[in-house]
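>>> please work out how this folds:
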Amino acid sequence: MKNLKLIFGYIGIGILLMSCSATNNLTMGATEPAIVHIPNDIQRIGIINRSLPSEGNKQLDKIDQILSAEGLNLDKKGAEAAITALSDELIRSGRFEEILILDNETEIRKGLDVFPASLSWDAIEEICEANGVDAIFSLAFYDTDTQVSYKPSMMQLPNSLGIKVAVPAHEVTLNTFIKNGWRIYNPQTREIVDEFMYTDHLVSTGKGINPIKAIEAVARRNETVEEFSKNIGYAYGSRISPYKHRISRDYFVRGTDNFVVAKRRAQTGDWQGAAQLWEKELDNRKAKIAGRACYNMAIINEINGDLNAAMDWASKSYADYDNKDALRYLNILKYRLSQNEVLEQQASR
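Numbers count the residues shown, from 1 in each chain. Below you'll find the model as predicted:
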């Protein structure tokens with residue numbers, strides 16, 4: 001009984017603290033620069049697949065398929081799905097004049113489950129010249145590794161009267177790990193622009209009245225691997241494009257009646273109306289209130305896209321009124337401004 005009272009006491013304190021919070025949270029949209037920067041003079045892209053086994057590595061690949069219970073050509077189909085999806089994403093971006101999948105570069109294949117050594121720049125330049133492309137996107141490796149587990153189970157089946165009854169069954173689980181790595185070669189600067197590895201896994205489970213039926217129940221595993229691989233290709237292609245996301249900010253809602261009313265205006269989307277009330281508190285004789293008003297003015301300027309003005313208000317809130325939250329916010333604004341500068345540079349290339 002005593003413990004129950006303590007629990008209710010803690011809950012009550014938590015509710016009280018939340019209801020008395022001095023701040024509210026808001027989210028706003030922001031655009032971040034592309035993770036990978038591709039110069040504007042690169043307009044024709046060649047995509048190569050190094051993940052297929054070369055002649056010398058084919059026996060190793062066959063052994064690996066047997067040991068890991070991989071389906072026939074699972075790695076090949078998964079790699080091709082990833083490359084096709086990458087090509088589609090690069091086309092969708094509208095960033096390049098032409099995207100070519102180079103299927104004839106068989107001598108560069110490795111078929112390993114780790115990053116192979118990077119191609120020589122002489123080899124890269126030869127591929128680019130032969131195919132009329134400016135840069136190379138390479139699927140450096142692609143590998144699936146499947147672990148199989150088996151156990152007896154039960155399943156419901158209708159009997160001769162149509163009534164479902166429990167019967168002994170066999171349950172098979174396939175845990176498939178997918179690993180792949182990518183590189184981007186820029187022969188103009190002889191620079192590997194990006195090197196990135198993805199890992200993922202999927203679990204397929206099936207039941208049947210015998211082991212063969214159980215395996216049939218997980219037959220869609222290969223199709224699922226291909227879908228995963230497409231998503232990986234799309235994701236890698238998106239690394240060259242700016243991306244939008246939501247960012248979170250806190251703003252002050254307590255201190256005077258104006259803050260309380262401004263909170264309600266903000267909750268209805270009337271941020272300019274809220275800012276009019278915050279402005280009235282900028283000259284408040286209490287430093288704490290004036291500091292909060294300055295902080296909130298930084299918020300409204302960020303909402304309006306004026307990061308320099310937002311930084312000025314955040315700086316004033318900290319420097320003049322010792323608002324510690326404003327110093328943290330100022331550093332966030334500085335970082336966002338630097339990211340916007342990178343975004344502008346990418347757009348102007």
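>>> now do stretch 255-270, average pLDDT.
Average pLDDT, stretch 255-270: 96.
>>> and for it, what's in contact with it?
With Cβ atoms under 8 Å, 6 or more residues apart in numbering as the contact definition, stretch 255-270 has outside contacts at 22, 24, 26, 251-254, 271, 273-275, 277-278, 280-281, 284, 286, 288-289, 292, 296. Every C-beta, even on glycine, is put in place using the N, C-alpha and C of the backbone.
>>> any idea how far it is from the chain center?
From the chain centre to the centre of stretch 255-270 is a distance of 35 Å (Cα atoms, centre = their mean, to the nearest Å).
>>> can you list the buried residues in it?
255-256, 258-259, 262-263, 265-266 (16 or more other Cβ atoms under 10 Å).
>>> what does stretch 310-326 give?
310-318, 321, 323, 325-326.
>>> what would those residues look like in JSON lines with distance to W121, secondary structure and pLDDT?
JSON lines is the format used below for the buried residues of stretch 310-326 (distance: Cβ to Cβ, whole Å; DSSP: H, G, I helix; E, B strand; the rest coil; pLDDT from 0 to 100):
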{"residue": "A310", "distance to W121": "45", "secondary structure": "helix", "pLDDT": "97"}
{"residue": "M311", "distance to W121": "43", "secondary structure": "helix", "pLDDT": "98"}
{"residue": "D312", "distance to W121": "48", "secondary structure": "helix", "pLDDT": "98"}
{"residue": "W313", "distance to W121": "50", "secondary structure": "helix", "pLDDT": "98"}
{"residue": "A314", "distance to W121": "47", "secondary structure": "helix", "pLDDT": "98"}
{"residue": "S315", "distance to W121": "48", "secondary structure": "helix", "pLDDT": "98"}
{"residue": "K316", "distance to W121": "53", "secondary structure": "helix", "pLDDT": "97"}
{"residue": "S317", "distance to W121": "52", "secondary structure": "helix", "pLDDT": "97"}
{"residue": "Y318", "distance to W121": "50", "secondary structure": "helix", "pLDDT": "97"}
{"residue": "Y321", "distance to W121": "57", "secondary structure": "helix", "pLDDT": "97"}
{"residue": "N323", "distance to W121": "54", "secondary structure": "coil", "pLDDT": "97"}
{"residue": "D325", "distance to W121": "51", "secondary structure": "helix", "pLDDT": "96"}
{"residue": "A326", "distance to W121": "50", "secondary structure": "helix", "pLDDT": "97"}
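>>> save these as a markdown table, and put in distance to K230 too.
Formatted as a markdown table, these follow (distance: Cβ to Cβ, whole Å):
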| residue | distance to K230 |
| --- | --- |
| A310 | 41 |
| M311 | 42 |
| D312 | 47 |
| W313 | 46 |
| A314 | 44 |
| S315 | 47 |
| K316 | 51 |
| S317 | 48 |
| Y318 | 48 |
| Y321 | 53 |
| N323 | 49 |
| D325 | 44 |
| A326 | 46 |
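>>> name the nearest of these relative to P211.
Closest approach to P211 among those (Cβ to Cβ): D325, at 62.5 Å.
>>> for this protein, which segments count as strands?
Assigned by DSSP state E, the chain shows strands spanning 23-32, 44-49, 98-101, 135-158, 164-186, 191-208, 243-252.
>>> now the last one against strand 23-32, angle please.
When you say that, I think you mean strand 243-252. If you take axes from the mean of the first three to the mean of the last three Cα atoms, to 10 degrees, strand 243-252 sits at 160 degrees to strand 23-32.
>>> ok, the buried residues of stretch 310-326 vs I83, which is closest?
Closest to I83, out of all of the buried residues of stretch 310-326 and judged by Cβ to Cβ, is A310, at 43.4 Å.
>>> tell me the contacts of the closest one?
298-299, 301-302, 333.
>>> so can I have JSON lines of these showing pLDDT and neighbour count?
Converted to JSON lines, the contacts of A310 look like this (pLDDT from 0 to 100; neighbours: other Cβ atoms under 10 Å):
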{"residue": "A298", "pLDDT": "98", "neighbour count": "26"}
{"residue": "I299", "pLDDT": "97", "neighbour count": "24"}
{"residue": "N301", "pLDDT": "97", "neighbour count": "20"}
{"residue": "E302", "pLDDT": "97", "neighbour count": "23"}
{"residue": "L333", "pLDDT": "97", "neighbour count": "22"}
